[in-house]
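A.B. asks: have a look at this prediction, sequence included:
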Amino acid sequence: MKPTRCLVVRARELCAGVFSLWLEAPDITRRVSPGQFLNVKVSDGVDPLLRRPISVCDVEGDLVRIVFRSVGRGTALLARVRAGDELDVLGPLGRPAPELHHKDVLLCGGGIGAAPLLLLARRLKRTNRLQVLLGARSKAELLLTREFRALGLQVSTATDDGSAGHEGMVTELAETQCKVQNGRGRLAISRQPSVVFACGPKPMLADLVRRLDPIPVWGFVEERMGCGTGICYCCALPKKGGGHVRFCEEGPVVRLNEVVL
């Protein structure tokens, strides 16, 4: 696979430290599927040397959207990109998320984890029943709620400070959505989802699996990567029972019930 030079046609800051870029990339948009990612070169030189893996957020015609948080030197450089600039992009990489039909699906995003769930929601809503849960530290940091609702989806929110929706963690909201009190005060399952797709910090993903067990939970897991093609094992995560999952090859969407977070 060869890198592609992509023109940046839109660039803006969604909230403090979180940025959205729309890239003109017809070759990528023809091939990309929900769950895949792009490996983006953040400078024209060799420093930083490694590309930054960023999940695909959405596709619109010949345009592909990425949303990322500036957390280090590489993403800080990427945050300086403006419309009219060009980026060197490799992708799409990774395995797509599993295809589903005629299922009850719960999408659960924490913070920047909302981003890769948007394209997935766009595709899944065609033949499935979807519910979306989004969490953040505050109302100002809730991401992409308008875009999810524009798809005609039911969206519930949770914030740590209670400034929007449920006050507390989005994993608490997910458990509440899946379980209700029956007449004897015990928990009973109410319209249990067939499957959950989630993206967010590792502690959130681990908590979600614990709360929703035995419901299958597929996670969009982001790890530091070296090659992005499965050679270096930099992004490997241990599997329960032995072995490893390489996020660039077997992921980045993996069955969280089967790995050690």
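C.D. replies: Done, it's in.
A.B. asks: wait, doesn't Glu141 sit right on Gly111?
C.D. replies: Yes - between Glu141 and Gly111 there is a contact under CB atoms under 8 Å: 6.7 Å. Heads up, the C-betas are built off the backbone N, CA and C, glycines and all.
A.B. asks: which residues does Ser70 contact?
C.D. replies: By CB atoms under 8 Å, 6 or more residues apart in numbering, Ser70 lies in contact with 17-19, 76, 78-79.
A.B. asks: make that Leu134, sorry
C.D. replies: Residues counted as contacts of Leu134 (CB under 8 Å, 6+ apart) are 109-110, 114, 142-145, 148, 155-158, 170.
A.B. asks: and those, which is closest to Cys57?
C.D. replies: Of all those, the one with the least separation from Cys57 (CB to CB) is Leu144, at 7.8 Å.
A.B. asks: grab the nearest non-local neighbour of that closest one.
C.D. replies: Distances taken as CB to CB, 6 or more residues apart in numbering place Ala114 nearest to Leu144, at 4.8 Å, with adjacent residues excluded.
A.B. asks: and what of Gly135?
C.D. replies: Using CB to CB, 6+ apart and skipping residues adjacent in sequence, the residue nearest Gly135 is Val170, 2.7 Å away.
A.B. asks: hang on, the residue nearest to Leu144 packs against Cys199?
C.D. replies: Yes - when contacts are counted by CB under 8 Å, Ala114 is listed as touching Cys199 (7.3 Å).
A.B. asks: the stretch 101-250 of the chain: helices as residue ranges?
C.D. replies: Here the stretch 101-250 of the chain has its helices, by DSSP state H, counting those that start in this stretch, at 115-124, 145-150, 170-178, 202-212.
A.B. asks: out of those helices, which is closest to Asn257?
C.D. replies: When these are ranked by proximity to Asn257, the top entry is helix 202-212, at 5.9 Å, counting by CB to CB.
A.B. asks: what comes up buried for that closest one?
C.D. replies: By 16 or more other CB atoms under 10 Å, the buried positions in helix 202-212 come out as 204-209, 211-212.
A.B. asks: orientation of that helix relative to helix 170-178 in degrees?
C.D. replies: Helix 202-212 and helix 170-178 are oriented at 20 degrees to each other (axes from the mean of the first three to the mean of the last three CA atoms, to 10 degrees).
A.B. asks: please state the offset of helix 202-212 from the chain centre?
C.D. replies: Centroid separation for helix 202-212 versus its chain: 15 Å, with CA atoms, centre = their mean, to the nearest Å.
A.B. asks: contacting residues around it?
C.D. replies: So helix 202-212 is contacted by 108, 110, 113, 135, 169-172, 174-175, 178, 196, 198-199, 217, 219, 221, 256-257, 261 (CB under 8 Å, 6+ apart).
A.B. asks: among these, name the ones in strands.
C.D. replies: 108, 110, 135, 196, 198-199, 217, 219 (DSSP state E).
A.B. asks: who wins for most neighbours among the residues you listed?
C.D. replies: Within these, neighbour counts (other CB atoms under 10 Å) peak at Cys108, which reaches 31 neighbours.
A.B. asks: looks like it contacts Val196 (just checking).
C.D. replies: Yes - between Cys108 and Val196 a contact is recorded at 6.1 Å, counting by CB under 8 Å.
A.B. asks: hang on, the earlier thing: least confident of the helices of the stretch 101-250 of the chain, on average?
C.D. replies: For the helices of the stretch 101-250 of the chain, mean pLDDT drops lowest on helix 170-178, to a mean of 91.
A.B. asks: compute the inter-axis angle for that helix and strand 195-199.
C.D. replies: With the same axes, to 10 degrees as the basis, helix 170-178 and strand 195-199 are set at 160 degrees to each other.
A.B. asks: how far off centre is helix 170-178?
C.D. replies: Remark: helix 170-178 is offset 18 Å from the chain centroid, using CA atoms, centre = their mean.
A.B. asks: now stretch 25-45
C.D. replies: Taking CA atoms, centre = their mean, one finds the center of stretch 25-45 at 15 Å from the center of the full chain.
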